[in-house]
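A.B. asks: from the sequence below, what's the structure:
(chains A and B)
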2 protein chains.
Amino acid sequence: MLNQNYVKMCGQKSVIRELFAYGSKRAKEIGYENVFDYSLGNPSVPTPESFTKEMIRLLQEEDALTLHGYSPSLGIESVREAVAVSLNQRFDMNYKKEDIFMVSGAAGAIAHAVRAVTVPGDEVLTFAPFFPEYTPYINTCGAVLKVVPADISTFQINFDEFVDMLNEKVMAVLINTPNNPSGIVYSTSTIEKLATILEEKEKEFGHPIYIISDEPYREIVFNNVDSPFVGAHYNNTLTCYSFSKSLSLPGERIGYIAVNPACEDSALLVDMFGQISRGIGHNCPPSIIQLAVKEALYETSDLSVYETNKNILYTELTKMGFEIVEPGGTFYMFPKALEPDARAFSDKAKSLDLLLVPSDTFGVSGHFRISYCIPTEKVERSIPVFEKLANMYL
Amino acid sequence: MLNQNYVKMCGQKSVIRELFAYGSKRAKEIGYENVFDYSLGNPSVPTPESFTKEMIRLLQEEDALTLHGYSPSLGIESVREAVAVSLNQRFDMNYKKEDIFMVSGAAGAIAHAVRAVTVPGDEVLTFAPFFPEYTPYINTCGAVLKVVPADISTFQINFDEFVDMLNEKVMAVLINTPNNPSGIVYSTSTIEKLATILEEKEKEFGHPIYIISDEPYREIVFNNVDSPFVGAHYNNTLTCYSFSKSLSLPGERIGYIAVNPACEDSALLVDMFGQISRGIGHNCPPSIIQLAVKEALYETSDLSVYETNKNILYTELTKMGFEIVEPGGTFYMFPKALEPDARAFSDKAKSLDLLLVPSDTFGVSGHFRISYCIPTEKVERSIPVFEKLANMYL
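C.D. replies: Next up, the predicted model:
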């Protein structure tokens, strides 16, 4: 018979995807330019030319058999080495190539990390607001996701609730900074406090508690915002990175896990990731994509549009009376809705062809997410629509 | 604590990979040309030019944002459609795009298929000799792999043993034709007999028994060999395909599952595959690779070298007294070793710098696998070495 776990998942549609599908349909009816679709977190600036050039060079100049040949199961060695070197240069770390595991984006990275450090029944804590896809990654491993309620005044960590929820079954804490959906970057003091608490609890419980650090937005940090590299503050850190946002390659499924060399069992963990890939039949990210990102490790797409959009929206919406914790990075913003029912609020916005994701799916009520990875001219044209929406609550 | 299932897997090294690693090391010592490495099943002919051209065209002409954007979770629709059409044309089937799920090669396809149709404790039957990676795919799902002993006179199916092993817990039968490691293609009568038995047992047990048909070697079939399309003979067939061998792209991780539209729950199964991908964080194969293979669905690399190599090896080794069931396809051959201990035989060959994989890892004793995906001139130069080896047993 069919495995009912997956049958059940089929019924659980993503609110974000549904809204995006509605937007695409609506665009066909009234024109793309008339739908203000803030639903999906999809990069809106192209990949750097260097990536495209390197792809073409590889195809034209390299031996096809070698180029498209099997990648070693932990990733192509020269790529792992280059990733380690780039992290060491930027964050004053001491990764070796043996600490780097190439994987298909942050999704794969997180799912591998959770699978390695938990057995069914173990707990993973995360902090609201959180990316809803964490639930399937963790459930599929048989582990249990527990969500620490948000501190809605800052969207930093709610430490009181966190400490209450820590118990012997917690094997990992999954954090996401800069954060989807809030746009908030955890400060150095937040990370240090988190590290101190976890180190104490590791001693108390007698086992490691890993930080699984989900960092696809690491390169999208706005001017002067304090943005610590998590791995530098806590030994047992598994850094999960994706090139989806920094190089605008979400469809090419490429990222890595960097295991802090000071982590307990670091070499074993990387080997385990290889075995997990083998078991799920996923194997490596595509060889050519691995090789091409190697040449773009010190570059990003032109990410400045996201800060421009953030500034316009934050300024204008605040003026209208929206309560917003100002984002420090990403291309998201998470304002308070103008009524307690976020879905009703989102429906009102939808009636104006303004697509905003209600917050409940992120583990927080009464807010909404704006994904401002759209052209700036459209952001500007959306301001009067937000005004109309606000006026509905006067 | 770490998940001991994966820790244990780390200790289980692949005999094939170890032999290949030895070969690479040895080649550095005595020269690549002097090592006759028949260990690894890696294509030895380049991808067709049309694939390379299409990749370059996509990179030069398509909008980078769309090109590298997220693929829908079941695969890019135009690609699914094209795969369905190509299967219908070639095999007189009636797949719709909804029946096609794009996935990262046959490994991913099989792991997804098993995960969808089993729950932990269910059994999957396969037939010796079999590809040893089936074990991790199936174990990781929590299902149990049971191996039907080989019919070593033909390497078709040993039906007596098979029928004895069928029981209510068997949810799937995993077949691989053309076969790695024997090179044998299951005949139409084999497939029809298998289908008849399974249809009866489905009625008896009151649940579907899926054929998971692993077909990465489908395009490598030698002149005039009867090579039926499995899905045409059994409704509940999940066809697992990879472009690794046909287009010489093993590193690019691209394939599909085609669910026979006559299959019970066909639409639901494809949706479930999407949820499985989501849960393991794997998501889709890379967008650009999906789009490029779409333009190469009716092509293959120049695969003729494999038949040339087979003919030389089969003729010459048979002359020397090796007992071989003549391969009908693939780039493998599975002769009987010249002593009962396959590993001792392989070690003797290794002492002559002739790398042959002992058969035990494939579920059969006293044989060895030759992977003849190497240049023909090297095959020719290896014949005297095989002679030396045979002479050690005179």
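A.B. asks: going forward, measure contacts and count neighbours with C-alpha atoms only.
C.D. replies: Noted.
A.B. asks: helix or strand: which one has the nearest residue to residue A:140 once chain neighbours are set aside?
C.D. replies: With C-alpha to C-alpha, 6 or more residues apart in numbering or on different chains as the measure, residue B:279 is the residue that lies nearest to residue A:140, at 5.3 Å, once sequence neighbours are left out. Element membership for residue B:279, per DSSP states H and E: helix B:266-280.
A.B. asks: same question for that helix, mean pLDDT?
C.D. replies: Confidence over helix B:266-280 (mean pLDDT, whole number) is 94.
A.B. asks: just checking, what packs against it?
C.D. replies: helix A:4-11, helix A:105-117, helix A:134-141, strand B:100-103, helix B:105-117, strand B:255-259 (3 or more C-alpha pairs under 8 Å, 6 or more residues apart in numbering or on different chains; DSSP states H and E).
A.B. asks: residue A:182 is nearest to which of those?
C.D. replies: helix A:134-141 (15.7 Å; C-alpha to C-alpha).
A.B. asks: CA-only coordinates of whatever helix or strand comes next after that closest one in CSV, if you can.
C.D. replies: Moving toward the C-terminus from helix A:134-141, the next helix or strand (DSSP H and E) is strand A:144-148. Extracted C-alpha coordinates of strand A:144-148, given in CSV (Å, rounded to 0.1, in the frame of the first residue of the first chain):
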residue,chain,number,x,y,z
VAL,A,144,10.0,16.5,16.1
LEU,A,145,10.0,20.2,15.3
LYS,A,146,9.3,22.4,18.3
VAL,A,147,8.8,26.1,17.7
VAL,A,148,9.9,28.8,20.3
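A.B. asks: and whichever helix or strand comes after strand A:144-148, what does it pack against?
C.D. replies: Using DSSP H and E, the helix or strand that follows strand A:144-148 towards the C-terminus is helix A:159-165. If you count contacts as 3+ C-alpha pairs under 8 Å, 6+ apart, helix A:159-165 packs onto strand A:144-148.
A.B. asks: quick one on the thing from earlier: burial count for the residue nearest to residue A:140?
C.D. replies: Neighbour count of residue B:279, defined by other C-alpha atoms under 10 Å in any protein chain shown: 24.
A.B. asks: how about the one 3 residues further on?
C.D. replies: When neighbours are defined as other C-alpha under 10 Å, residue B:282 has 30 of them.
A.B. asks: quick one: it from residue A:107, how far?
C.D. replies: 7 Å (C-alpha to C-alpha, to the nearest Å).
A.B. asks: how about residue A:77?
C.D. replies: From residue A:77 to residue A:107 the distance is 22 Å (C-alpha to C-alpha).
A.B. asks: more neighbours, these two?
C.D. replies: More crowded of residue A:77 and residue A:107, by other C-alpha under 10 Å: residue A:107, with 27 against 17.
A.B. asks: which residue sits closest to the more buried one, ignoring its sequence neighbours?
C.D. replies: Distances taken as C-alpha to C-alpha, 6+ apart put residue B:281 closest to residue A:107, at 4.4 Å, once the chain neighbours are dropped.
A.B. asks: is it true that the one you found touches residue A:137?
C.D. replies: Yes: counting by C-alpha atoms under 8 Å, residue B:281 touches residue A:137, with 6.2 Å between them.
A.B. asks: shared neighbours, the two?
C.D. replies: Taking C-alpha atoms under 8 Å, 6 or more residues apart in numbering or on different chains as the criterion, residue B:281 and residue A:137 both touch A:107, A:110-111.
A.B. asks: between these, which sits nearest chain B?
C.D. replies: Distance to chain B, by C-alpha to the nearest C-alpha, is smallest for residue A:107 among these, at 4.4 Å.
A.B. asks: check contacts around that closest one.
C.D. replies: By C-alpha under 8 Å, 6+ apart, residue A:107 lies in contact with A:137, B:280-283.
A.B. asks: what pLDDT is listed against the most centrally placed residue in chain A?
C.D. replies: Central residue of chain A (C-alpha atoms, centre = their mean): residue A:216, 4.7 Å from the mean position. Looking at residue A:216, its pLDDT stands at 98.
A.B. asks: again, but for residue A:71
C.D. replies: At residue A:71, pLDDT is 89.
A.B. asks: doesn't it belong to a helix?
C.D. replies: No: Residue A:71: not assigned to a helix; according to DSSP: H, G, I helix; E, B strand; the rest coil it is coil.
A.B. asks: shaky segments in the stretch 51-200 of chain A?
C.D. replies: Nowhere does the stretch 51-200 of chain A drop to pLDDT under 70.
A.B. asks: please repeat the previous calculation with a cut-off of 90.
C.D. replies: Scanning the stretch 51-200 of chain A with the threshold set as pLDDT under 90 gives A:70-73.
A.B. asks: give me every residue in it lying close to chain B.
C.D. replies: Residues of the stretch 51-200 of chain A found near chain B (C-alpha under 8 Å from any C-alpha of the partner chain) are A:52, A:55-56, A:59, A:64-65, A:67-71, A:104, A:106-112, A:115-119, A:136-141, A:171.
A.B. asks: try 6 Å
C.D. replies: A:56, A:64-65, A:68-71, A:107-108, A:111, A:116-119, A:136-137, A:140 (C-alpha under 6 Å from any C-alpha of the partner chain).
A.B. asks: next one: the closest residue in space to residue A:178 that isn't next to it in sequence from residue A:41, what distance?
C.D. replies: Counting by C-alpha to C-alpha, 6+ apart, residue A:178 lies nearest to residue A:185, which is 4.3 Å off, once chain neighbours are set aside. As for residue A:185, its distance to residue A:41 is 17 Å (criterion: C-alpha to C-alpha).
A.B. asks: got it, and residue A:216?
C.D. replies: As judged by C-alpha to C-alpha, residue A:216 and residue A:41 stand 11 Å apart.
A.B. asks: who's in contact with the closest residue to residue A:257 other than its chain neighbours?
C.D. replies: Using C-alpha to C-alpha, 6+ apart and skipping the chain neighbours, the partner closest in space to residue A:257 is residue A:240 (4.7 Å). By C-alpha atoms under 6 Å, 6 or more residues apart in numbering or on different chains, the contact set of residue A:240 is A:106, A:109, A:213-215, A:257.
A.B. asks: coming back round to it: return the most buried member of the helices and strands packed on helix B:266-280.
C.D. replies: Burial of the helices and strands packed on helix B:266-280 is given as mean neighbour count (mean count of other C-alpha atoms under 10 Å in any protein chain shown); strand B:100-103 ranks first at a mean of 30.
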